[in-house]
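Undergrad: Everything below, folded, please.
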Amino acid sequence: MGFNSCYLPAIDVLIHFYDEVGLETFIKRYNKYDSYSGSTDSMRFLETKFKEYYNEQNKTNNESN
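TA: Numbering: from 1, shown residues only. From the prediction side, this is the model:
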């Protein structure tokens, strides 16, 4: 088993990618890594999108129960 690391692109590139593919595809792209490195802004943006995605997932699961 390996350790997968991802260097995040500049914040403007990351936002552009997110705008093009949407939340679910964005999360699938970045969720497969064990660690991240990059600018503070890129890290914060990624963290915000992870929280947004998982909050939506939890809300959907709670509504179906």
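Undergrad: Would you quantify the distance from Asn31 to Asn61?
TA: Between Asn31 and Asn61 the computed distance is 17 Å (CB to CB, to the nearest Å). Placement of C-beta: from N, CA and C, glycine included.
Undergrad: ok, Tyr53 touching Thr25?
TA: No: counting by CB atoms under 8 Å, Tyr53 sits too far from Thr25 to count as a contact (10.7 Å).
Undergrad: Between those two, tell me which one has more neighbours.
TA: Counted by other CB atoms under 10 Å, Tyr53 and Thr25 do not tie: Tyr53 has more neighbours, with 16 against 12.
Undergrad: Run through the helices of this structure in chain order.
TA: Listed in chain order, the helices of the chain (DSSP state H) span 11-21, 23-30, 40-64.
Undergrad: As a markdown table, those helices with distance to Met1 and mean pLDDT would be great.
TA: Formatted as a markdown table, the helices of the chain follow (distance: least, CB to CB, whole Å; pLDDT from 0 to 100):
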| stretch | distance to Met1 | mean pLDDT |
| --- | --- | --- |
| helix 11-21 | 27 | 98 |
| helix 23-30 | 19 | 97 |
| helix 40-64 | 22 | 89 |
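Undergrad: looking at the ones you listed, which is closest to Ser5?
TA: Closest to Ser5 of those is helix 23-30 (CB to CB; 11.8 Å).
Undergrad: Quick one: list the elements packing against that closest one.
TA: Applying 3 or more CB pairs under 8 Å, 6 or more residues apart in numbering; DSSP states H and E, one finds that helix 23-30 contacts helix 11-21, helix 40-64.
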